[in-house]
Each structure stands twice: as structure tokens, then as C-alpha cells.
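Visitor: all I have is the shape, not the residue letters:
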């Protein structure tokens, strides 16, 4: 039940009544009509911009439309007042029964409250993480992993059919570097001094790989030319790295639906097929690119190349797809990979990239647009950097990884729930500070604790109700006399609950899962605020001694908050806490 959607439908019905009465012309477009919470709660419960957005096409003054519409809305028993404000907004105050009834709705619906079908029938592919299989994932991957997984959960909650996908970058030169690095650890396992030359991976995480190579192959690979062992060691090491990556993702609570190998595109005709599709559309040509703006690189030279006319689909410049030696550029397999995703019948593709891939967005969008004939949109979300802190100073790199802090280090120190929640306390395109000290504090400054504490407090109320002999199961609470929730602080909390379905829809439509974490923090704050008011005003306490009916109504409100917190944490992939320790 989305009360804001219901009120929007009522506003549109009022507009149709004005059309029938001849006040408004027929054929009005209501797409821009919105019903939202007002910026200032003192102005009412909801506000609509209907008169403002329809004034120009109707050829009328906004306040004239607003006055007529407000008069119609005021006849609805669900609406206590409908007042015209400013240049033509209409502020609505709903009857108390609407908010009281919302509590029962939440309890009857359970954690499905807020679930919708806005994505019904839409198949979505979300590609995220896609870390090179050359070592453990670092803290930057944590943010992208959490974002991608929570976005998938959110879109499933709103009716989309979602595939979580990981693109294994196993077709480039970096996996040869991995093989050479692992071979040195293999030599080390035999008592030889490893030669970790510049450009090789120095992390200790390859020591177990070297030991495993020794266990499987003995000394048969020693003192052999690289050509004899490179392919074998590369495949062995890459499989070990991918197993480690899967384990790390599992520790974070992330499971992929599909892993796609870049290597599977080579020698199979799949790259050629994708480029042919672009060529058939007249988008492949041989030409010379203009020199890059600014200072020219020393190795730049003017030469003919095979180019993709990406400017025809919104890119800034056309892009090379084949090198002068005839080999593919790194862009070509990416084109083929997205062509494969399009061929699987997805209606929407979402790529989650690190911020350093910002320059790659337009060319990839152009390729998807060209390959799908504009049918399949590609949306890209960029993850800004995560800065780690401890004791007021930057947290140092991992010796095991060699150059960075690993995902596993973060999860092992603070747990997956804290890690996941904190990674969504900033919008994805804003830098995020992760302070190990603060995320473990038990204070309002720690959003994870603050939300979990609200849930645990409510669970304690339910336990105490049971001890007092007050029926506090959801069915009993839903049937309580909710009209006893008459205090403004209680109605304000019920209003906040009513915003949940709207926030879920908004987060899914904008692909902004951080909105869920923000809402839960605000809801927890309202619960804590009501709890604290009970210290000064006994009438606001959830359990009223000797008054079972009133106690049940108040406990119902608290329990409804717990239901929404549990639902929201479920979207975030975080387990609700029933008791704080």
C-alpha cells in the first residue's frame, strides 16, 4: 500500500472532475503531477504540484486551478484539509485514521510492505565487481560489491527479474603477469629465491599458489622455458584467484548468478560477430583520429585505424577497435561482451564501475545503443573512492596484498553487516570515509548501531509485553484499537512508516540504494525520539500498566517500525538484531 500513490490517484481523479466540469480542457498530460511530502512538515502531510504544472498547458492561473482542485479534494473523508499555498501548491493534511490504519496495514502485510511490481516483466542484468583475477579484492571493490548486490535486491523487491553478473578479465596481459608471479612463488616453494621483478605481483597471497603448484607438479616445471609452463600456470593460478574472490564475496554476503569469461570471446568468432553487426549498420570504417587535445603523448602518431563511429550514438569521438598490428583493442571484447548480454534478452543493462572508468562510459553506452538499435539502455554507476581510517590516521596497506587493504581484512574486522551498511551511508558518486573506530561505536554517530538498536529496543518491548500477559503477536496487534494512537509524536512515526513504499520505489527508479539506508536511519531516529519522550511523559510509554488495549495499540506502532526496519535491512543484506550485547 503506497499512500502517496493513492493520493496521487485521488488528485488525478479530481483533475478529471475539473475536466468534466469544463474548468480544465480535455487531453491534459498528468505525467508531471506529483504528490510528495512537503519540505516543511508544518505545511501538512503531503503536497501536490498539480496546478503548477498544468497551468501553462491549460492557459489558466495556477491558483485558479489549485482553488478548484482543493475544493474537490476537501470532500474526500480521508483528507482533513486541502489548502492552497504560495503560487499554487496544494498542501494536504490527512485524517488521523489514515495514519493509524497504516500501522495495521504494515502488520498485516509484514516484510512485504513496500514491495511493488513497478519492474514486472523487466529483465535486468547488473554487472559489478569484475575485479581482475590477479589477486584478492581491495576495499574499493567492497563498495562496488555492496552497491551492486543491494541494487539487485532492491530491484527484485520491486518486481524486476535480475541477474547478478561478474565479468572475468582473463583475456589480457595481466593474467600472464599473474602466471609469472605465481611461478616465482613456485620456485620459492622449492627453496629458491623468488625473483619478483618490477611489474610482477609482490603480494604474499601467491605463496599458497606456489605451494599448491609444487604439490601438484613437483619439480617438473623447474628450469623449463616459459613457453612450456606459462599456459598451465596461468590457468592454475587464475582458478585459485577466482576461488579466493568467490570466497571473499561470500564472506560479504554476495553471490553471483553468472560468471562470464572474457577469454571465451577470443577464437570463437564472438568478437567478430559483434563487430560485423556494427559494420552492417554502417558504423565501422577505416580512418585517422584527430590528435588528443592538450600536450601530445610522445608515442602518438597519425595512422589509419579501424574505427567504431561511436559519435553517431552520443560519444565525443570515434573509437579504435583494431590496432595497427591487426589485433583487437581492449574495447573490442567489451563490445562483444555487451552484445552477448543484449542477445540474452535483457531489457536493461547496468554496469557498476570504479570512478577511474568514468572516461569509458560514453563509448560503452554508444556501443550498446548501436548494437541494440536503441532498444536496450545501458546505465552506468561509478563508485567513488573509499578512504580507510583508524585512530585518526589513514589505515595502512596490507602486506598480504602487497599494495592495498583487502576486502577480507575489512569484513573480518567489523563483520559483513557493518561493512554493507556503512558502504551505503554515502551516495555512490561521493567519496566515503570508513573509520574502523567509529563504525564499532555504540552511538548515534554509528548508523548501523543506531538502526539495529531501534530494532532491538522494539524486540525488548515485545518480550516485556509477553511477560506482562499482553498479546503481542502481529495478528493481535493488527486487530488492536489503533485510534488510541492520538499523540502527535505517535502519528508522526506512523507518517514516517507510510513513506516506506514511496522511498523503495524512488530508490529503485533512480538506482540509488543508499536511500534505503538513509530512510532506516531517519526511521530509527523517530523511534528513539518517541522512546525518549516516554521518559518524561508516561502516557507515551509503549506498555501502559493496567491498560491492555492502549498498550496493544502502542506496541503495534513499535512493531510496525520493526517490520519496516527488518524489511529495509533485508534489502541491504543485513540481519536485524533482536538483542544488543
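Guide: Received the coordinates, thanks. Note that the structure is a prediction, hence the values are computed from the model and not measured.

Visitor: when you work out contacts or count neighbours from here on, use the C-alpha atoms and nothing else.
Guide: OK.

Visitor: in space, what's closest to residue 33 - neighbours in sequence excluded?
Guide: Nearest in space to residue 33, with sequence neighbours left out and distances taken as C-alpha to C-alpha, 6 or more residues apart in numbering, is residue 50 at 5.0 Å.

Visitor: number of nearby residues for the one you found?
Guide: By other C-alpha atoms under 10 Å, the residues close to residue 50 number 25.

Visitor: what residues are up against it?
Guide: Counting by C-alpha atoms under 8 Å, 6 or more residues apart in numbering, residue 50 makes contact with 11, 30, 32, 33, 34, 66, 89.

Visitor: now, of those residues, which are buried?
Guide: Burial by neighbour count, 16 or more other C-alpha atoms under 10 Å: within the contacts of residue 50 this picks out 11, 33, 34, 66, 89.

Visitor: switch those over to a markdown table; also include secondary structure, distance to residue 571 and pLDDT.
Guide: As requested, those are exported to a markdown table (DSSP: H, G, I helix; E, B strand; the rest coil; distance: C-alpha to C-alpha, whole Å; pLDDT from 0 to 100):
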| residue | secondary structure | distance to residue 571 | pLDDT |
| --- | --- | --- | --- |
| 11 | helix | 31 | 98 |
| 33 | coil | 29 | 97 |
| 34 | coil | 26 | 96 |
| 66 | helix | 39 | 97 |
| 89 | strand | 34 | 96 |
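
Visitor: now those in JSON lines, with distance to residue 154?
Guide: Shown next, in JSON lines, are those (distance: C-alpha to C-alpha, whole Å):
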{"residue": "11", "distance to residue 154": "28"}
{"residue": "33", "distance to residue 154": "25"}
{"residue": "34", "distance to residue 154": "23"}
{"residue": "66", "distance to residue 154": "36"}
{"residue": "89", "distance to residue 154": "32"}
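
Visitor: sec struct for the spatially closest residue to residue 44 that is not a sequence neighbour, please.
Guide: Spatial nearest neighbour of residue 44, excluding adjacent residues (C-alpha to C-alpha, 6+ apart): residue 93 at 4.9 Å. Put simply, residue 93 is strand when judged by DSSP: H, G, I helix; E, B strand; the rest coil.

Visitor: quick one: residues contacting residue 93.
Guide: Contact partners of residue 93, counting by C-alpha under 8 Å, 6+ apart, are 44, 45, 46, 79, 80, 81, 82.

Visitor: and the residue nearest the centre of the chain, what does it touch?
Guide: With distances taken as C-alpha atoms, centre = their mean, the chain has residue 151 as the residue nearest its mean C-alpha position (3.3 Å). Contacts for residue 151 (C-alpha under 8 Å, 6+ apart) come out as 508, 511, 512, 513.

Visitor: what of residue 100?
Guide: 482, 483, 485, 491, 494.

Visitor: and what of residue 150?
Guide: Shown in contact with residue 150 (C-alpha under 8 Å, 6+ apart): 513, 571, 572, 573.

Visitor: with pLDDT and distance to residue 361 as extra columns, can I get these in a markdown table?
Guide: Output for these, formatted as a markdown table (pLDDT from 0 to 100; distance: C-alpha to C-alpha, whole Å):
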| residue | pLDDT | distance to residue 361 |
| --- | --- | --- |
| 513 | 98 | 21 |
| 571 | 98 | 27 |
| 572 | 98 | 26 |
| 573 | 98 | 28 |
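
Visitor: quick one: which of these is most hemmed in?
Guide: The most crowded member of the contacts of residue 150, judged by other C-alpha under 10 Å, is residue 513 (31 neighbours).

Visitor: quick one, what contacts that residue?
Guide: 147, 150, 151, 154, 424, 507.

Visitor: can you classify the second one by secondary structure?
Guide: The one in question is residue 150. helix.

Visitor: same question for the fourth one.
Guide: In the three-state summary, residue 154 is assigned as helix, counting by three-state DSSP.

Visitor: hmm, it is touching residue 506, no?
Guide: No: using C-alpha atoms under 8 Å, residue 154 is not in contact with residue 506; the gap is 10.6 Å.

Visitor: what about those two, which has more around it?
Guide: Taking neighbours as other C-alpha under 10 Å, residue 154 and residue 506 compare with residue 154 leading, 27 against 15.

Visitor: element containing the residue lying closest to the more buried one once chain neighbours are set aside?
Guide: Of all residues not flanking residue 154 in the chain, residue 571 sits nearest, at 5.8 Å (C-alpha to C-alpha, 6+ apart). Per DSSP states H and E: residue 571 is located in helix 548-572.

Visitor: and residue 121, by the same measure?
Guide: Under DSSP H and E, no helix or strand contains residue 121.

Visitor: burial count for it?
Guide: Residue 121: 11 neighbours (other C-alpha under 10 Å).

Visitor: pLDDT score for it?
Guide: You'll see residue 121 listed with a pLDDT of 86.

Visitor: quick one: it and residue 320, what's the gap?
Guide: Going from residue 121 to residue 320 by C-alpha to C-alpha, to the nearest Å gives 36 Å.

Visitor: residue 235 now?
Guide: To residue 320, residue 235 is 29 Å away according to C-alpha to C-alpha.

Visitor: give me the more crowded residue out of these two.
Guide: residue 320 (25 against 16).

Visitor: that's a helix at that one, yeah?
Guide: No: counting by three-state DSSP, residue 320 falls outside a helix, being strand.

Visitor: which strand residues bridge the nearest residue to it once chain neighbours are set aside?
Guide: Spatial nearest neighbour of residue 320, chain neighbours left out: residue 307 (4.4 Å); criterion: C-alpha to C-alpha, 6+ apart. Beta bridges link residue 307 to residue 285, residue 320 when assigned by DSSP bridges.
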